[in-house]
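> need coordinates for the following:
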Amino acid sequence: MSRSKLLFSIPFIAFVVLGYFFLEALNSDPSLLPSTRIDQRVPAYSLPGLEDPAQLLTERQLKGPLLLNVWATWCPSCQVEHPVLNELAKNGITIVGLNYKDVRQAALKYLEIHGNPFKYNIYDEGGDLGLDLGVYGAPETYLIDADGVIRYRHVGVITPQNWRELLWPKWQEMGGKP
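Numbers count the residues shown, from 1 in each chain. Prediction:
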């Protein structure tokens, strides 16, 4: 093979390989992110409450069935999801908030304006608990059973439809009742 043909074929091969990976990415579902935490206990943590910084919260308080919802005021999708969470809480679903990499005052103001569906909020200013959980971004929601074991992870906005079709059946499997 001549040197000029070799120089032409290297970029062509690189283009084909990159094209393959781009096509694979386009055909994948980003909400199907793997989680190594499924069927494991919530990782150990000790973080302040959002509403009461003097209150230290730990994994011992995350006994369900409950939803652990990762949210932040900087997250536009969380704002879309918030009315659904308010409705779920009104209907007896226990939701604990994980306020993720947020500003405390902004989060408190947000809850004051839009309602607070959370039994309490864990204030994860540095994102340490989020990192331990494997959070990719907000919103994410974890279904946690009575033993503090993570049974399911939902990436993205909870809508009435995916609550009814996907999360509600899993909630019931954990013994959750509205």
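
> which residues touch Ala72?
Contact analysis of Ala72 by CB atoms under 8 Å, 6 or more residues apart in numbering lists Cys78, Asn99, Tyr100, Lys101, Asp102, Ala107, Ala138. Yep, even glycine has a C-beta here, placed from its N, CA and C like the rest.

> what's the nearest residue to it if we skip its chain neighbours?
Excluding the flanking residues, the one nearest Ala72 by CB to CB, 6 or more residues apart in numbering is Asp102, at 4.3 Å.

> where does this protein have low pLDDT?
Confidence mapping of the chain against pLDDT under 70 gives the ranges 1-35.

> residue ranges for the strands of it, please.
46-48, 56-58, 66-71, 95-100, 121-124, 140-144, 150-155 (DSSP state E).

> quick check: buried residues in stretch 102-119?
Neighbour counts over stretch 102-119 (16 or more other CB atoms under 10 Å) mark Asp102, Ala107, Leu108, Tyr110, Leu111, Asn116, Pro117, Phe118 as buried.

> oh sorry, the question was meant for stretch 171-178
Of all the residues in stretch 171-178, those buried under the rule 16+ other CB under 10 Å are Trp171, Met174, Gly176.

> and what of stretch 126-141?
Buried residues in stretch 126-141, counted by 16+ other CB under 10 Å: Gly127, Leu129, Gly130, Leu133, Gly134, Val135, Gly137, Ala138, Pro139, Glu140, Thr141.

> going by distance to Pro83, which of the buried residues of stretch 102-119 wins?
Taking CB to CB as the measure, Pro83 lies nearest Pro117 of these, at 9.1 Å.

> pretty sure the closest one sits against Ala89.
Yes. The pair Pro117 / Ala89 is scored as a contact, 3.6 Å apart, by CB atoms under 8 Å.

> which residue packs closest to the residue nearest the centre of the chain, ignoring adjacent ones?
In the chain, the centroid-proximal residue (CA atoms, centre = their mean) is Glu140; its distance is 1.5 Å. Distances taken as CB to CB, 6+ apart place Val70 nearest to Glu140, at 4.4 Å, with adjacent residues excluded.
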